[in-house]
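Q: After the sequence you'll find the predicted model.
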Amino acid sequence: MSTIQHAPMKANKALGQHFLRSESAIARMVHCIPKGASVLEIGPGPGALTVPLLARAGATTLVEKDDRFAHHWQQYCDQRADLTVVNDDVLQCLEATVAAQQPQWIAGNLPYNISGPLTALLSSLSLSGGMILMYQREVGERIMADPGSKVYGGLSVLVRHHYHASRVLTLPPGAFSPPPKVHSVVLKLTPHGETPPCSWTTLQRCVRTGFAHRRKTLRNNFRQRISPEQMEEVGINPGLRPEQLDYMNWTKLSILLR
């Protein structure tokens, strides 16, 4: 049986690849996941997280769009019955792969060029364990932002549907190869265990409408769809702007919009 090795390949800028090389950061991310837990890793690349994850986790699924890396990891599937490699675009295959593999955790150094839409998709998944995810700092701050913050927005609301987000560590550009132009942050998304008042799909539709024009009031953003009187009936001031509304009030709007 051959030892599982990292893939010695160069980053593809078109895919937004920046490979983590900080050993301390890798160790902290991997040890957030309990031993033996099933995990899905997004974008394993050359395997900075993958190799220690395979030593720690149980059933492991790797989703990799880059054919070079997917082929590297596929060669180990014969010796690891608990390893599955999906060579596809994560935005296209994530929901089906999670449904098929049922991972307890999702981990990954997310491609910077799709981190926004990918996080929206991830927020729809209710996992029993949680997620350990690397972001550019700006996106991480948006996810963790509280109502009233200038960066509070749709992702801030959607992630709260199933999870509580907390910061694990912040990393400088030099922790990656090639180094990005921004700092990065690792977030842990922990399930809060509460039953959401509405569906994620309903919430996403409402959030998209509400944040379409941040400077406008809720009254104007939902004009002809939800009346000011309806908002007031559920305790929402129609004169507020979208960034002033917390998660629970967004679910109230979602139910009205539905």
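A: On my side now, so go ahead. Numbers count the residues shown, from 1 in each chain.

Q: Not counting its neighbours along the chain, what's nearest the residue nearest in space to the middle of the chain?
A: The residue lying closest to the centre of the chain (CA atoms, centre = their mean) is residue 119, at 3.5 Å. Among residues not flanking residue 119 along the chain, residue 155 sits closest, at 5.6 Å (CB to CB, 6 or more residues apart in numbering). Heads up, the C-betas are built off the backbone N, CA and C, glycines and all.

Q: which residues of the chain score low on pLDDT?
A: Counting by pLDDT under 70, the chain contains low-confidence residues at 1-2, 8-9, 11, 15-17.

Q: before we move on, back to that, what about the strand or helix carrying the residue nearest to the centre of the chain, distance to the chain center?
A: For residue 119, the host element (DSSP states H and E) is helix 115-122. Its chain's average C-alpha position is 5 Å from that of helix 115-122, according to CA atoms, centre = their mean, to the nearest Å.

Q: what's next to it, contact-wise?
A: With contact meaning CB atoms under 8 Å, 6 or more residues apart in numbering, helix 115-122 is reached by 42, 90-91, 94-95, 106, 110-111, 131, 133, 135-136, 139, 143, 154-155, 158-159, 189, 204.

Q: Among these, which are located in helices?
A: Among the contacts of helix 115-122, the residues falling in helices (DSSP state H) are 90, 91, 94, 95, 139, 143, 154, 155, 158, 159, 204.

Q: related to what we said a few turns ago, render the CA-only coordinates of the helix holding residue 119 in CSV, please.
A: What follows is helix 115-122, C-alpha atoms only, in CSV (Å, rounded to 0.1, in the frame of the first residue of the first chain):
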residue,chain,number,x,y,z
SER,A,115,-16.7,32.2,-2.0
GLY,A,116,-19.8,34.4,-2.0
PRO,A,117,-22.2,32.1,-4.0
LEU,A,118,-20.6,29.0,-2.5
THR,A,119,-21.3,30.2,1.1
ALA,A,120,-24.9,31.0,0.2
LEU,A,121,-25.2,27.4,-1.0
LEU,A,122,-23.4,26.0,2.0
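
Q: List the buried residues in it.
A: 115, 116, 118, 119, 120, 121, 122 (16 or more other CB atoms under 10 Å).

Q: and if you look at stretch 73-85?
A: 73, 74, 76, 83, 84, 85.

Q: Select, from those residues, the two members most distant in space.
A: 76 and 84 (10.8 Å; CB to CB).

Q: The stretch 1-150 of the chain: helices as residue ranges?
A: 23-30, 50-56, 67-74, 90-101, 115-122, 137-144 (DSSP state H, counting those that start in this stretch).

Q: Out of the ones you listed, flag the one nearest residue 14.
A: Set against residue 14 and scored by CB to CB, these come closest in helix 67-74, at 12.9 Å.

Q: helices or strands next to that closest one in the packing?
A: strand 83-86 (3 or more CB pairs under 8 Å, 6 or more residues apart in numbering; DSSP states H and E).

Q: Can you give the strand pairings for the strand it packs on, parallel or anti for each?
A: Paired neighbours of strand 83-86 in the sheet (DSSP bridges): strand 60-63 (parallel).

Q: centre of the chain versus the strand it pairs with, how much separation?
A: For strand 60-63, the distance to the chain centre is 15 Å (CA atoms, centre = their mean).

Q: quick one, what contacts the closest residue to residue 72 other than its chain neighbours?
A: Once flanking residues are discounted, residue 72 sits nearest to residue 7: 4.0 Å by CB to CB, 6+ apart. The contact partners of residue 7, taken as CB under 8 Å, 6+ apart, are 45, 46, 47, 68, 69, 72, 73.

Q: again, only using 6 Å
A: Taking CB atoms under 6 Å, 6 or more residues apart in numbering, we find residue 7 in contact with 46, 47, 69, 72.

Q: wait, which of these is closest to residue 232?
A: Closest approach to residue 232 among the contacts of residue 7 (CB to CB): residue 69, at 53.7 Å.
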